[in-house]
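Q: make a model of this:
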Amino acid sequence: MVPTEAMRLLLAERGFERLSVVGRGVDAQRFDPARRNATMRESWGAGPDDLVLGYVGRLAPEKNLGVALAAFEAVKALQPRARLVFVGDGPMRAELAARAPDAVFAGQRSGDDLAAHYAGLDLFLFPSLTETFGNVTPEAMASGLPVVAFDYAAASQIIQHGRNGVLVRMGDNSAFVREAVATATQRASREAMGRAARDAAMRLGWDGVVARFEAVLLHVMHGAEHGAAMPRVDEVMQSPLA
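A: Residues are numbered from 1 along each chain as shown. Sure thing, here's the model as predicted:
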């Protein structure tokens, strides 16, 4: 079982057989825009109408975080009160702090505290090119945030470009910056995408993931005696993303 269709195709090209896509879910009760906290935003130096861009995850070179910094700098040139928040830790923290001294480094967070940090953002930047899935994408979407991400992994599965987020061609860092600026500076469109992102995430509950997991197992069990191939998930049951 693999988490995305892209991973299934990649492994199939390399000779793996009997592959089935079973994605991951999100707790949309925990990750909820209702957890937005004005006091927390004030601690970041952001007022009610100030734009806050953010990233959640490991602060490491493979996450391509220089692109997030470039996007923020381009946004700040147009909106000087914009803020950037990093949630997480890792070997790049000192370097990022030196390059972006005004950024907020919230450190490692978990549980409801993590959910509140998501909800305090206005736009989620996810420039990583090294994910097998990327759990932060559905978590951000459940929190009511449009996500700007490269078109692969979880993003390619659940983001509909221009409707509930933004997809950028793999590796096109300049396009990522342009799309981030365009999304950040168009408030009405950004907020509409955030609402659509929340709606999409509501269909990604763990109950559905578990049901798909069980359906694949049952199919294999019943077909084993006859040498049946392991099915794709859309051959087992209707996808909740349809």
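Q: could you pull out the helices for the chain?
A: 5-13, 38-43, 65-78, 93-99, 111-119, 136-142, 153-158, 173-184, 187-201, 206-223, 233-236 (DSSP state H).
Q: measure the closest residue to Asn64 other than its chain neighbours to Arg187 for me?
A: If the residues on either side of it in the chain are set aside, Asn64 comes closest to Pro127, at 4.3 Å by CB to CB, 6 or more residues apart in numbering. The C-beta positions use only the backbone N, C-alpha and C, and glycine is treated the same way. Distance from Pro127 to Arg187, counting by CB to CB, to the nearest Å: 22 Å.
Q: neighbour count winner among the two?
A: Neighbour tally, Pro127 and Arg187, criterion other CB atoms under 10 Å: the higher count belongs to Pro127, 22 against 12.
Q: quick check, that one in contact with Asp172.
A: No - Pro127 is beyond contact range of Asp172, at 10.6 Å (criterion: CB atoms under 8 Å).
Q: list residues touching both of the two?
A: Shared contacts of Pro127 and Asp172, defined by CB atoms under 8 Å, 6 or more residues apart in numbering, are found at Phe150.
Q: tell me the centre residue of this structure?
A: By CA atoms, centre = their mean, the chain has its centre lying nearest to Thr137, at 1.4 Å.
Q: OK, contacts around that one?
A: 126, 147, 149, 153-155, 158-159.
Q: with adjacent residues omitted, what lies nearest to it?
A: Nearest to Thr137 is Ala154, by CB to CB, 6+ apart, at 4.2 Å.
Q: now for the closest residue to Tyr118 other than its chain neighbours, how many residues are close by?
A: For Tyr118, ignoring the flanking residues on the chain, the nearest one in space by CB to CB, 6+ apart is Ser143 at 3.8 Å. Using other CB under 10 Å, Ser143 is surrounded by 31 other residues.
Q: for Ser143, give me the pLDDT.
A: If you check Ser143, the pLDDT there is 98.
Q: so it sits against Pro33, correct?
A: Yes - using CB under 8 Å, Ser143 is in contact with Pro33, at 5.7 Å.
Q: joint contacts of these two?
A: Common neighbours of Ser143 and Pro33, counting by CB under 8 Å, 6+ apart, are 119, 198.
Q: just name the shakiest helix or strand of this structure by mean pLDDT.
A: helix 233-236 (a mean of 46; mean pLDDT, DSSP states H and E).
Q: how about the contacts made by Thr39?
A: Counted by CB under 8 Å, 6+ apart, Thr39 has zero contacts.
Q: start the count at 25 instead of 1 going forward.
A: Sounds good: first residue 25 from here, last item Thr63.
Q: how far away is it from Val111?
A: In terms of CB to CB, Thr63 sits 17 Å off from Val111.
Q: per-residue pLDDT, Trp178?
A: In this structure residue 178 is Ala, not Trp. As predicted, Ala178 sits at a pLDDT of 90.
Q: hmm, it is touching Asn159, no?
A: Yes - taking contacts as CB under 8 Å, Ala178 lies within contact range of Asn159: 7.3 Å.
Q: ok, the two, which is more surrounded?
A: Regarding Ala178 and Asn159, a neighbour count based on other CB under 10 Å identifies Ala178 as having more, with 27 against 15.
Q: distance of the more buried one relative to Ser44?
A: 17 Å.
Q: same question, Phe237
A: For Phe237, the distance to Ser44 - CB to CB - is 9 Å.
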